[in-house]
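*Asks:* Curious how this folds, go ahead:
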Amino acid sequence: MIKKLLFKLLHSAGYYFRYTSVLHHASKQVMAPSQVLFFNEEEKSFLERSAASFNYSIDYSLGYRQKEQYLVSLRNATILGNSGAVVQDGKVVVESVFDVSRLAKSPAFKAPALLLPNYKNGIYTSVLHFPWAENNNYHWFFDCLPRLYYVLQTTDQPINIIMRQDLPAYQHETLRFILAAYPLAKVVYIGKHEKWETEQFILPSFVSNSQSGYLTQNISSWLRENIWKGYNVEKNSQKKRIYISRANTKTRRIINEEQLLPLLANYGFEVIRAEELTYQQQVQLFYNTEALIAPHGAGLTNLLFAENCKVLEFHPANLIKTHYLLLSKGLGFNYSAIVGSAGDASENYTIDAQEVENWLQQL
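*Replies:* Predicted coordinates:
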């Protein structure tokens, strides 16, 4: 009795320290089977270096398995407005927060919070995934929006897409573009201090793996075409070559960038600072880009909107990330990487100008 009372008090404070899985739920419907991705020798070498820089926590050179895609229908599931987590029978559903590791290391899913309860009739689903996607375009386009693909392809009844009103404009815009062709889908807004108990909740699996921008062709085409259409992108006869600078940021800056800029200018590269552009301008720019050079960062997410592009990504030697190699792999783009010096405390590092010139000459 005391234990049940304690759980009730903790849950009323929005605190859920137990978790459960729906991988073997009776309603689970597999929409696409898992598949294995294969790599050439150059790609394997890069993936091995990446794994070594992370002390082998993730080693995709040993094989990359794209997860199966599924939908699970839950009765009386609760969604927490402060974190996006789904709760069933007093336990956080692991698959609603990506995986156990994110559940374990994020206080967002288990910190006490005053959440006002509300019961909702009808069918609901959600694209919320906090704290990663709250204001991060990579997680929005790879952790959030792709999850709607199979939900929207299969729904034959009105369905409510749970969103937060206080999220960035580009998230509201791109969600609207995606839903334009689905009259049965409606966006509803949950407050940060609310929790909704839903009559029926459709839980979609996450599409991308950890540190991976890989999307299957059907899902990437669906995202690209709807967002191109929504932003009215136009094809220009003159393709662009761009360098994404992080000079105005605090982390992952190229320390010797001034040495590289004249070299890039000789090959027709324009310096871009993504933070100075609207999101529509970013999508339009990348759509017409034929070659891109950039240090690793969320700005490379916009590769998703390039029609066809050759990519050169910079990495510090002690932190080599695989996100955009795998994004390029899924899109069929030519990807190369240059690994620079070890990053400092802010992950700032230098790049060998001769290696950059060697790549430019091949371009």
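*Asks:* Could you measure from S205 over to H296?
*Replies:* 26 Å (CB to CB, to the nearest Å). Every residue, glycine included, has its C-beta placed from N, CA and C.
*Asks:* nope, P112 is what I was after
*Replies:* Using CB to CB, one gets 35 Å for the distance from P112 to H296.
*Asks:* Looking only at neighbour counts, state which of the two leads.
*Replies:* H296 (20 against 12; other CB atoms under 10 Å).
*Asks:* ranges for the helices of the stretch 251-363 of the chain?
*Replies:* Here the stretch 251-363 of the chain has its helices, by DSSP state H, counting those that start in this stretch, at 257-266, 279-287, 323-331, 353-362.
*Asks:* Dump the ones you listed to JSON lines, plus distance to A181 and mean pLDDT.
*Replies:* Putting the helices of the stretch 251-363 of the chain into JSON lines (distance: least, CB to CB, whole Å; pLDDT from 0 to 100) gives the following:
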{"stretch": "helix 257-266", "distance to A181": "40", "mean pLDDT": "96"}
{"stretch": "helix 279-287", "distance to A181": "18", "mean pLDDT": "97"}
{"stretch": "helix 323-331", "distance to A181": "22", "mean pLDDT": "97"}
{"stretch": "helix 353-362", "distance to A181": "40", "mean pLDDT": "97"}
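*Asks:* Ok, which of those helices comes nearest H193?
*Replies:* helix 279-287 (28.0 Å; CB to CB).
*Asks:* send the alpha carbons of that closest one over as PDB?
*Replies:* Output of helix 279-287 as PDB, limited to C-alpha atoms (Å, rounded to 0.1, in the frame of the first residue of the first chain):
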ATOM      1  CA  TYR A 279      15.200  28.400 -43.300                       C
ATOM      2  CA  GLN A 280      13.600  28.800 -46.700                       C
ATOM      3  CA  GLN A 281      16.800  30.400 -48.000                       C
ATOM      4  CA  GLN A 282      18.800  27.600 -46.600                       C
ATOM      5  CA  VAL A 283      16.700  24.900 -48.300                       C
ATOM      6  CA  GLN A 284      16.900  26.900 -51.600                       C
ATOM      7  CA  LEU A 285      20.600  27.300 -51.300                       C
ATOM      8  CA  PHE A 286      21.300  23.600 -50.700                       C
ATOM      9  CA  TYR A 287      18.900  22.600 -53.400                       C
END
